[in-house]
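> Following is a predicted model, sequence given first.
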Amino acid sequence: VFQNAGDTYAFAFVPSGATTGPVCVTTSGGTGCGAGVFTVIPSPTIASFSPASGPTNTYVVIQGVNLTGTSSITFNGVKATVFQNAGDTYAFAFVPSGATTGPVCVTTSGGTGCGAGVFTITP
C-alpha cells in the first residue's frame, strides 16, 4: 500500500517479507533509488515458554527468535515489571501481579509476538 503525495513525497507501508535494502520509486519517467538502505527489523517470535502455569511472581523462561531489544513482556496484557532479555533467543520474566490466564507476548522495536499457548495463572 502506498500513496503519492505530489512531486516531492510518497508514503508506503513496508510489505510483509521485505528485507533490508534500498528504497526505490518507479514513475513513468523511470526508477530512482535512495542513497542509503532501509533496515527491516524482524518481529519477535515466541517458540515456547516454561513453565506454562503458576501463580503470580513465577519465573518464566521464554525461548524464541528476534528477542534482542525486548522492551516489554506481557501476560494477558499485563506488563511484567521485572524482565530480562538474554540475547536473540531468550528472555525471562516474573509473572506480574494482576495477570490473568492468557497469552505471553514480547515486544521489541520490530513489533510484538505472542506464544501459541497461554500461561495459566494458578492460586
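Now that the structure is in, tell me what you want to look at.

> Check which helices and strands the helix or strand where residue 112 lies is in contact with.
Using DSSP states H and E, residue 112 maps to strand 111-121. Helices and strands touching strand 111-121, as assessed by 3 or more CB pairs under 8 Å, 6 or more residues apart in numbering; DSSP states H and E, comprise strand 45-50, strand 53-54, strand 59-65, strand 102-108. Quick note: C-beta positions are derived from backbone N, CA and C, even for glycine.

> try 10 Å this time
On a contact count with 3 or more CB pairs under 10 Å, 6 or more residues apart in numbering; DSSP states H and E, strand 111-121 meets strand 45-50, strand 53-54, strand 59-65, strand 72-75, strand 102-108.

> by how many degrees do the third one and strand 111-121 diverge?
Pointing back at strand 59-65 there. Strand 59-65 and strand 111-121 are oriented at 150 degrees to each other (axes from the mean of the first three to the mean of the last three CA atoms, to 10 degrees).

> Thank you, goodbye.
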